[in-house]
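Student: Got a sequence here, can you build the structure:
(one chain, ligands or ions: 2)
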Amino acid sequence: MKKKTTTRTWFPKIKNPIPYEGPDSDHLMAFRHYDPEEVIDGKTMSEHMRFSVAYWHTFRGAGLDPFGGPTICRPWEKGKDPMADALRRMDAAFEFFQKIRAPFWCFHDRDIAPEGRSLRESNRYLDRAVAHAKDLQKATGIKLLWGTANLFSHPRYMCGAATNPDAHVFAYAAAQVKKAIDVTAELGGENYTFWGGREGYETLLNTNLKREFDHLAAFLHMAVDYARDIGFKGQFLIEPKPKEPTKHQYDFDVASGIAFLKTYKLDRHFKFNIETNHATLAGHTFEHEIELAAAHRMLGSIDANTGDALLGWDTDQFNTDVRELTLAMVSILRAGGVGSGGFNFDAKVRRPSIDLDDLFHAHIGGMDAYALAFKKARKILAEGTLEQLVADRYASYDTDYGKQIEKKKIGFKALEEIALKKSQPKPRSGKQEMYENILMRSVHD
Ligand code: XUL
Ligand code: CO
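Tutor: Ligands and ions are numbered 1, 2, ... in the order given. You can find the predicted model right below:
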C-alpha cells in the first residue's frame, strides 16, 4: 500500500500504521492476530481477509438513538458548510483506513456527500466527493469494496423506494441508483449492494404485496441492464434483513432471497451480502445463512457485526466472539471464500464510546477476532475430523440404493421393496455433544 502524504493528521496519537505485535502483546493499540503482511498459502492476510470500513457508522455515526440525540462529536465536523465537511471528513476517513490497515471501504451515496435541494444538486455534490475519493484512493492504495444508494433516510422513501406505491418515487430511486452505480464504477468498486431499507410493509391493509414484489424485481432487472450498458463488471449483492426499519422486509433472509431471485430470473446476477445481526434477527445463526448461500453458490460478501443476545434489534456491534466466527469461517472457507467480497465492518461503537481511539479499539478487536477465527477454521479443515465425521454420517448415500436416491434413479416402489425386505433402521446417535467438544478443542487450543 502506498503511503499518503498529508499535511495534517486527525488522529495524532495513533501510530501509522497500527502495529502487529503478536498474541503475547498486551498493548491495546496493536494487533495480536491480524498481521496484514503474514503470508498464508501464497496470499497475505490482508488479501485473505479483505477487511473494509463502513463509512456510515465509522464516519457518519453520531450516537443517536430513539431516546436521544448525538453524543459523538468529531473534530473534522465544523457544521458550517456541508460540502467542506464532507471533504474534510473524507480526509479523516482515509487516514483512518490507512492506520487501521483496512484495504477497503464501503459507502452509501448520501454518506459521502450531502443531499441537495434537487437531484441535480445532489449529483453535483456527489461528483465532488467522488473526485476527492478517487484522489485519496490513488494516493493510499485503498479500494472500494462496494457502493450503494441510501433509499431509506429521506422522507420520500418512507413507504419504500422500488416498492413505493407511487411510480414517481420509483423513478426517483431509479435515478439515484443509476448515479450510485456510476460512481461505484468510477471508483473501481468490486461489488454493488442492495439493502432494501424500506422495501417491505408496515401493514398489509394498505399494501399490494404481489405488485410490490414485481416492482422490486423490475427495479433490479433495470439495475442489471444499466450495469451492462455502462460496462460495470462488479458483482451485485443483496443484503437480506427480516425487519427494521419496516415490520416486514421483502429480502427477509437468504432462503426468501433465493426464492425471489429465482422466481424473477435474477439469480444469475446476484449473490448475498450476509450480515450477522440480520441473520440472528431472522431467527438464524450467522453460519446458517452462509451455508445456505454457499449451497447455491451465492455467497458474496460479509457485513461483519453482531447483535446483543438480550436485545431484539439491530445493534450492529463489533464481533469478538471467536467461537461464532470460527464456525462461520469454516463454512466460508469450505465454500471457497468470498471471492470479490470481503469482511465489511457494518458495526458501530456504542453511544457512550465517544473518543476517537474507540474507533480504533473497535476495529482492532473485530479484525483480530476474524483473523484468529480464519486461522482456527483453517486448522479445523486441515485436521478434517469434523469433515470426516459428517461424511461418515451420510456414507449410506455413497453406495447402493442411497446413491441411486441422490442420482434420482430410484422411486417409491423400489424403495418400498427394500424397506419391506430389510429390518427396521437401527437408530444412530447424532453425537452432538461430541461434535461440540471437537469444536471446543479447536477454538480453545
Ligand atoms: C442496515 C444495513 C445497511 C446495509 C447497507 O441494517 O446493514 O447499512 O449494509 O445499506
Ligand atoms: Co449491512
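Student: all strands of the chain, in order?
Tutor: Here the chain has its strands, by DSSP state E, at 39-40, 43-44, 51-54, 104-108, 143-148, 191-194, 200-201, 235-238, 248-249, 270-275, 299-303, 343-345.
Student: Dump those strands into TSV; add mean pLDDT and mean neighbour count as well.
Tutor: Every residue, glycine included, has its C-beta placed from N, CA and C. Listed next are the strands of the chain as TSV, based on pLDDT from 0 to 100; neighbours: other Cβ atoms under 10 Å:
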stretch	mean pLDDT	mean neighbour count
strand 39-40	98	12
strand 43-44	98	13
strand 51-54	99	26
strand 104-108	99	26
strand 143-148	99	25
strand 191-194	98	24
strand 200-201	98	22
strand 235-238	98	22
strand 248-249	98	20
strand 270-275	98	28
strand 299-303	98	26
strand 343-345	99	26
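Student: got the ones you listed as CSV, with distance to Asp314 columns?
Tutor: As requested, the strands of the chain are exported to CSV (distance: least, Cβ to Cβ, whole Å):
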stretch, distance to Asp314
strand 39-40, 33
strand 43-44, 32
strand 51-54, 13
strand 104-108, 16
strand 143-148, 16
strand 191-194, 16
strand 200-201, 14
strand 235-238, 17
strand 248-249, 11
strand 270-275, 9
strand 299-303, 11
strand 343-345, 14
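Student: Let me know which of these is the nearest to Ile410.
Tutor: Ile410 sits nearest to strand 299-303 of all the strands of the chain, at 31.8 Å, using Cβ to Cβ.
Student: Which positions in the protein make contact with ligand 1?
Tutor: 56, 108, 148, 193, 195, 239, 241, 275, 303, 314, 346 (Cβ under 6 Å from any ligand atom).
Student: how many neighbours does the residue of the chain at minimum distance from ligand 1 have?
Tutor: Here the residue of the chain nearest ligand 1 is Trp195; by Cβ to the nearest ligand atom that distance is 3.5 Å. For Trp195, the count of nearby residues is 23 (other Cβ atoms under 10 Å).
Student: for the one 4 residues further on, same thing?
Tutor: By the measure other Cβ under 10 Å, the count of residues near Glu199 is 26.
Student: Please name the nearest non-neighbouring residue to it.
Tutor: Thr163 (4.6 Å; Cβ to Cβ, 6 or more residues apart in numbering).
Student: Now that neighbour. Its backbone dihedrals?
Tutor: Thr163 has phi and psi values of phi -110, psi 20 when expressed as degrees, to the nearest 10.
Student: What residues does it make contact with?
Tutor: When contacts are counted by Cβ atoms under 8 Å, 6 or more residues apart in numbering, Thr163 touches 196, 198-200, 212-213, 215-216, 250.
Student: which one of these sits closest to ligand 2?
Tutor: Distance to ligand 2 across those (Cβ to the ion) is lowest for Gly196, with 11.4 Å.
Student: isn't that closest one right next to Leu216, touching?
Tutor: Yes - because the distance of 7.2 Å satisfies Cβ atoms under 8 Å, Gly196 is recorded as touching Leu216.
Student: Common neighbours of the two, please.
Tutor: Residues touching both Gly196 and Leu216 (Cβ under 8 Å, 6+ apart): 162-163, 250.
Student: Using a markdown table, please lay out those together with pLDDT and distance to Pro19.
Tutor: Below are these laid out as a markdown table (pLDDT from 0 to 100; distance: Cβ to Cβ, whole Å):
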| residue | pLDDT | distance to Pro19 |
| --- | --- | --- |
| Ala162 | 98 | 46 |
| Thr163 | 98 | 48 |
| Tyr250 | 98 | 45 |
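Student: possible to save the residues you listed as TSV with distance to Ala377?
Tutor: Listed next are the shared contacts of Gly196 and Leu216 as TSV, based on distance: Cβ to Cβ, whole Å:
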residue	distance to Ala377
Ala162	37
Thr163	38
Tyr250	32
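Student: of those, closest to Gly384?
Tutor: Of the shared contacts of Gly196 and Leu216, the one sitting nearest to Gly384 (Cβ to Cβ) turns out to be Tyr250, at 40.0 Å.
Student: Tyr125: what's its closest spatial neighbour, skipping adjacent residues?
Tutor: Sequence neighbours aside, Ala113 is the residue nearest to Tyr125 in space, at 4.1 Å (criterion: Cβ to Cβ, 6+ apart).
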